[in-house]
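Engineer: quick check, what structure comes out for this input:
(2 chains)
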Amino acid sequence: MVLPNTPLPSITVPRVSSPSIPPRTSRGLWKDAWRRLLRNRLALVSFSYVVLISLAAILADVLAPYDPARLFPGLSYAPPSPAHWLGTDDVGRDVLSRLLHGARISLSVGIFVQLIILVIGSLVGGIAGYFGGRVENLLMRATDVFYAFPDLLFVIIIMTAIGPSIFNIFLAIALVNWVNLARLVRAQLLSLRERDFVLAARALGAPGQRILTRHLLPNALGPMIVTLMFGIPQTMFTEAALSFIGLGVRPPTASWGTMIERGNQAIFSAPHMVLFPGIAISLTMLAFNFLGDCLRDALDPQTTR
Amino acid sequence: MTRYLIRRVLWLVPVLLFVSLITFTLMKLTPGGPWDREKQLPPQVVAELNRRYNLDKPAWEQYLFYMGNVLQGDLGPSYIYQNRSVTTILQQGLPHTASLGALAALLAVCIGIPLGIVAALRQNSGVDYAALFFATLGASVPSFVLAFILIIVFALNLRLVPTSGWGKPNQYILPVVTLALGQAALLTRLTRASVLEVSRQDYMRTARAKGLQEFLVVRRHLLKNALIPVVTILGPILAFLITGSFIVENVFSIPGVGRLFVQGISQRDYSLIMGTTLLYTAVIAVLNLIVDILYGFIDPRITYR
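Structural biologist: Now for the predicted structure:
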């Protein structure tokens, strides 16, 4: 503390450059978040797993030992063996090959549905939150109605109406689940609009568009990313649940959900048919959930790590 | 308060109308009809059936006719279960679904809330990490996968409980546990976050600074505030447990509403699907309403407008 009337001591402070304390470089929100994410071991493990399983899905044609639809006559319900590492299913197809190809369906449903939700949710929520007034009222009432629907039931009804195919699955799940993101975007915009830094920008004469793109959207992006990340495992679950009651992708296409459904018929004699796709979907959902957790921590400026 | 209540109940009317309209439209778009059998029915029989169930009228007339009956508590005749009305079918199924959901909710509360509190009070301890791991794992293992694991371990290998069925007390164990675990995980996570949030508040420091016993600090200041958001999530949780149990009902052959719904979907029983959807929407809306009202009682800071 500097007492009044005491002249400041005129010493020059030498620049300290100790190797143990690196100079603090620019610390924007995103850079900061990225740094925190990399420091988190759980995040790294989950991220590596997600990269690995995505690669496996992309390279399924190369990695899979057999064609996923190829039948091995006389080899129904075979337990794991050197020729078939994870065994075969009820009609003698290689479980490992189907698992790898099934990853394509599960992952693409998880990711593409979130992309559709991002478009619908940020449009509806953004328009409502930015314009306010009548438009907002109308849009929010519409989301309320969608919110009142029992989610999974609604997806099932839409699927029966438009028929089972991978694109219809994207569509049906996204049509039901955009509501949460729309509400989040609107709430974010509403609260950000009143913040001092937006007021300051406005006072400096920034046009509305600049405020939206430079101040409102970047600040709303963190929570949106976290919500979408948590949406991925939920969507994967919905796809599996649809397949489980026979509304998923058409056979012989493999998805983890349809594999579990097939295994369901033979759970007592061939538990491996359920076990491996069950482990695959649980691990993948677990990884995305961990990643969502870590992202939320990393994007929260209040965590000091 | 009364005005708020009236407004909330009145809001239910347009919601249910919209839900019924959307469901009705989707059902009309669905390919295939309730009279599709393995063996083609003679055209005269189909015409006669259509006339008897009013399916020969234009769609809007069918809808008005149906809604008129609904207002009198008649959800129409089931197309598949001859001579039984949808109202009776649902009346027979609902007690099973409701008791399954209520028991699962009870179990989830008994696991989730204490675990969340202990984890937060011992933040970053072994207990905390174990609770967090449980919370993420529980949210990641799909119910049908969990059901298979439980069946294989406890019913097939240890022979402690039967694999399926409904009615005897020991038949309740596996379905209730399967259904409850995901929500218990959610509750753990929420309770933990809420307790941590409150324990950072200034009034907590004040309470400790004035020398209040730790036990009283936790009970009077911490838990009383921290459990408010937890109570509000109980409505959606119970709603999810009641409306989302169809997978568990199918796996364990429980004669509840969810199983009826899945049967209705696969057999195009329009009136059964409509009835289930309306019932579930009403259940969700009423539960949310109850929680919103409860919220005002437990949190004096809330006033209804």
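Engineer: check chain A for its longest helix and report it.
Structural biologist: Using DSSP state H, we find that the single longest helix of chain A is helix A:95-131.
Engineer: list the helices and strands it packs on?
Structural biologist: Applying 3 or more Cβ pairs under 8 Å, 6 or more residues apart in numbering or on different chains; DSSP states H and E, one finds that helix A:95-131 contacts helix A:41-58, helix A:60-63, helix A:133-148, helix A:166-193, helix A:217-244, helix A:256-264, helix A:272-299. From N, CA and C alone the C-beta is placed, and that goes for glycine too.
Engineer: distance between it and the chain's centre?
Structural biologist: 8 Å (Cα atoms, centre = their mean, to the nearest Å).
Engineer: just the helices in the stretch 1-150 of chain B please.
Structural biologist: With helices called from DSSP state H, counting those that start in this stretch, the stretch 1-150 of chain B shows them at B:2-29, B:43-52, B:59-71, B:86-121, B:126-140, B:143-150.
Engineer: does the third one come close to chain A?
Structural biologist: Okay, so that is helix B:59-71. No: judged by Cβ under 8 Å from any Cβ of the partner chain, helix B:59-71 stays clear of chain A, getting no closer than 13.8 Å.
Engineer: relative to helix B:86-121, how tilted is that helix?
Structural biologist: If you take axes from the mean of the first three to the mean of the last three Cα atoms, to 10 degrees, helix B:59-71 sits at 70 degrees to helix B:86-121.
Engineer: which outside residues touch helix B:59-71?
Structural biologist: By Cβ atoms under 8 Å, 6 or more residues apart in numbering or on different chains, the surrounding residues in contact with helix B:59-71 are B:17, B:20-21, B:24, B:28, B:54-55, B:57, B:75-76, B:271, B:274, B:278.
Engineer: give me the buried subset of these.
Structural biologist: Applying 16 or more other Cβ atoms under 10 Å in any protein chain shown to those, the neighbour count classes B:20, B:24, B:55, B:75-76, B:271, B:274, B:278 as buried.
Engineer: if we can go back for a sec, and the longest helix of chain A, what's buried?
Structural biologist: Going by neighbour count (16+ other Cβ under 10 Å), the buried part of helix A:95-131 is A:95-114, A:116-118, A:120-122, A:124-130.
Engineer: before we move on, what about stretch A:169-182?
Structural biologist: Across stretch A:169-182, burial judged by 16+ other Cβ under 10 Å covers A:169-182.
Engineer: which of the residues you listed sits closest to B:Lys224?
Structural biologist: Closest approach between the buried residues of stretch A:169-182 and B:Lys224, by Cβ to Cβ: A:Asn180, at 29.1 Å.
Engineer: contacts only, for the closest one.
Structural biologist: Going by Cβ under 8 Å, 6+ apart, A:Asn180 touches A:121, A:227, A:231.
Engineer: rewinding a little: from the buried ones among the contacts of helix B:59-71, which has minimum pLDDT?
Structural biologist: Taken together, the buried ones among the contacts of helix B:59-71 show their lowest pLDDT at B:Leu55, with 72.
Engineer: skipping adjacent residues, who's closest to it in space?
Structural biologist: Excluding its sequence neighbours, the residue lying closest to B:Leu55 (Cβ to Cβ, 6 or more residues apart in numbering or on different chains) is B:Gln62, at 6.9 Å.
Engineer: how near is that neighbour to chain A?
Structural biologist: The spacing between B:Gln62 and chain A, counted by Cβ to the nearest Cβ, to the nearest Å, is 16 Å.
Engineer: state the number of residues packed around that residue.
Structural biologist: When neighbours are defined as other Cβ atoms under 10 Å in any protein chain shown, B:Gln62 has 17 of them.
Engineer: surely A:Gly102 touches A:Pro251?
Structural biologist: No: between A:Gly102 and A:Pro251 there is no contact under Cβ atoms under 8 Å: 12.0 Å.
Engineer: gap between A:Val51 and chain B?
Structural biologist: Separation of A:Val51 from chain B (Cβ to the nearest Cβ): 18 Å.
Engineer: can you pull the contacts of A:Ile105?
Structural biologist: A:166, A:239, A:249, A:253-256.
Engineer: out of the residues you listed, which comes closest to B:Arg200?
Structural biologist: Each of the contacts of A:Ile105 was checked against B:Arg200 using Cβ to Cβ; the closest is A:Glu239, at 38.7 Å.
Engineer: how near is the closest residue to the closest one other than its chain neighbours to chain B?
Structural biologist: With Cβ to Cβ, 6+ apart as the criterion, A:Glu239 has its nearest non-adjacent residue at 4.4 Å, and that residue is A:Val109. Distance, A:Val109 to chain B, using Cβ to the nearest Cβ: 14 Å.
Engineer: ok, A:Val109 touching A:Ala172?
Structural biologist: No: at 10.5 Å, A:Val109 and A:Ala172 do not qualify as touching, with contact defined as Cβ under 8 Å.
Engineer: which bits of the stretch 201-305 of chain B sit near chain A?
Structural biologist: Residues of the stretch 201-305 of chain B lying near chain A (Cβ under 8 Å from any Cβ): B:239, B:243-244, B:246-247, B:250-251, B:261-262, B:265-266, B:268, B:273, B:276-277, B:280-281, B:284-285.
Engineer: need the buried residues of stretch A:169-182 in JSON lines (columns: pLDDT).
Structural biologist: Formatted as JSON lines, the buried residues of stretch A:169-182 follow (pLDDT from 0 to 100):
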{"residue": "A:Ile169", "pLDDT": "91"}
{"residue": "A:Phe170", "pLDDT": "92"}
{"residue": "A:Leu171", "pLDDT": "92"}
{"residue": "A:Ala172", "pLDDT": "92"}
{"residue": "A:Ile173", "pLDDT": "92"}
{"residue": "A:Ala174", "pLDDT": "93"}
{"residue": "A:Leu175", "pLDDT": "90"}
{"residue": "A:Val176", "pLDDT": "89"}
{"residue": "A:Asn177", "pLDDT": "90"}
{"residue": "A:Trp178", "pLDDT": "90"}
{"residue": "A:Val179", "pLDDT": "89"}
{"residue": "A:Asn180", "pLDDT": "88"}
{"residue": "A:Leu181", "pLDDT": "92"}
{"residue": "A:Ala182", "pLDDT": "91"}
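Engineer: and which of the contacts of A:Asn180 is nearest to chain B?
Structural biologist: Nearest to chain B among these is A:Gly231, at 12.6 Å by Cβ to the nearest Cβ.
Engineer: check contacts around the closest one.
Structural biologist: The neighbourhood of A:Gly231, defined by Cβ under 8 Å, 6+ apart, consists of A:113-114, A:117, A:177, A:180-181.
Engineer: return the most buried member of the helices of the stretch 1-150 of chain B.
Structural biologist: Compared across those, helix B:143-150 shows the largest average neighbour count, a mean of 22 (mean count of other Cβ atoms under 10 Å in any protein chain shown).
Engineer: name the residues of the helix or strand following it that are buried.
Structural biologist: Beyond helix B:143-150 in the direction of the C-terminus, DSSP states H and E gives the next helix or strand as helix B:169-199. Across helix B:169-199, burial judged by 16+ other Cβ under 10 Å covers B:171-196, B:198-199.
Engineer: fine by me, we can end here.
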